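Trainee: quick one, fold the following:
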Amino acid sequence: MEIRSKLQKVSIIMPMRNAATTVVNALRSVEKQNYPLNEVIVIDDGSTDNSNELVSNFARKSDLPITIITREKNGGIGSSFNIGVKKAKSGFVILMHSDCVLQTREEVRKLMAPFEKDS
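Mentor: You can find the predicted model right below:
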């Protein structure tokens, strides 16, 4: 099998609610990935802490293409993921929680490897 020369476009969808203590670490781990990301969509699901402000500050300093969608009322993680998937501009989406950290720089590449090969 031959590897395609063009990498697939990937979006990461990350809902958050009151995730001030975890979301920046999650985004830092995404930022370190060695697979190019088309976009990172963060859905603020009615946070009452400063999560949204932290993500906004991170986005201004980062090269990641981050979009923040703010929901005034909590609608639940499932509906937040659905909103992110509908907004995604990529053919592939990775659903990620705001309290998760990608352990190595290779995580997205490992997930995408099967799709990079011709069938």
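Trainee: how about the strands of the protein, start to end?
Mentor: Assigned by DSSP state E, the chain shows strands spanning 10-16, 39-45, 66-71, 92-95.
Trainee: what comes into contact with the second one?
Mentor: Counting by C-beta atoms under 8 Å, 6 or more residues apart in numbering, the neighbours of strand 39-45 from elsewhere in the structure are 11-17, 23, 27, 30, 51-52, 55, 64-71, 74-77, 80-81, 83-84, 87-90, 98. C-beta here means a position set from N, CA and C on the backbone, and glycine is covered the same way.
Trainee: one more time with 6 Å
Mentor: 11-17, 52, 55, 64-71, 74, 80, 83-84, 87 (C-beta atoms under 6 Å, 6 or more residues apart in numbering).
Trainee: what pairs with that strand, and is each one parallel or antiparallel?
Mentor: Strand 39-45 pairs in its sheet with strand 10-16 (parallel), strand 66-71 (parallel), by DSSP bridges.
Trainee: in CSV: those, plus mean pLDDT.
Mentor: As requested, these are exported to CSV (pLDDT from 0 to 100):
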stretch, mean pLDDT
strand 10-16, 98
strand 66-71, 98
